[in-house]
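Fold the following, please.
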Amino acid sequence: MYQNDHAPSHFHATYAGNEAVIEIGTSVVLNGRLPARVLGLVVEWATEHEKDLRSNWQLAREQKPLVSIRPLE
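Below is the predicted model of the structure:
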């Protein structure tokens, strides 16, 4: 996430030179692309951590430090 990023609420995921912008809550890819297997893992992670992602989105909007979110296990 980036401070003062545009709506809708989203996060950026990168892998091996690829990047996707993914909407929080729906996991819709708004822009970019990731390999299918990687995207599946990112969506699984985002689903498990939706509450944390929404909290970080609000922190980013308020120019506050983001809280680290655990990786997929």
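
Only C-alpha atoms from now on, for both contacts and neighbour counts.
Noted.

mind listing the helices for this structure?
If DSSP state H is used as the criterion, the helices of the chain fall at 36-48, 50-61.

How far away from the center of its chain is the longest one?
Right, helix 36-48. From the chain centre to the centre of helix 36-48 is a distance of 10 Å (Cα atoms, centre = their mean, to the nearest Å).

Only the buried residues of it, if you could.
Leu39, Val42, Val43, Trp45, Ala46 (16 or more other Cα atoms under 10 Å).

Is the residue positioned nearest the centre of the chain bridged to anything, and to what?
With distances taken as Cα atoms, centre = their mean, Phe11 lies nearest the centre of the chain, 2.8 Å away. Phe11 forms beta bridges with Ile22, as assigned by DSSP bridges.

Name the nearest residue to Thr47, sequence neighbours excluded.
Distance criterion Cα to Cα, 6 or more residues apart in numbering; nearest residue to Thr47, sequence neighbours excluded, is Gly25 at 7.3 Å.

For Val29, give me its contacts.
Residues in contact with Val29 (Cα atoms under 8 Å, 6 or more residues apart in numbering) are Ala20, Val21, Ile22, Glu23.

one more time with 6 Å
Taking Cα atoms under 6 Å, 6 or more residues apart in numbering, we find Val29 in contact with Val21, Ile22.

Write down the beta-bridge partners of it, one by one.
Beta-bridge partners, per DSSP bridges, of Val29: Ile22.

per-residue pLDDT, it?
Here, the pLDDT recorded for Val29 equals 98.

What distance do you get for it to Ala20?
Per Cα to Cα, to the nearest Å, Val29 is found 6 Å from Ala20.

now swap in Ile69 and tell me
From Ile69 across to Ala20, the span is 18 Å (Cα to Cα).

How about Thr14?
7 Å.

ditto for Ala7
Distance from Ala7 to Ala20, by Cα to Cα: 15 Å.

Those two: who's more crowded?
The neighbour comparison of Ala7 against Ala20 (other Cα atoms under 10 Å) goes to Ala20, with 19 against 8.

Having no further points to raise, I will conclude here.
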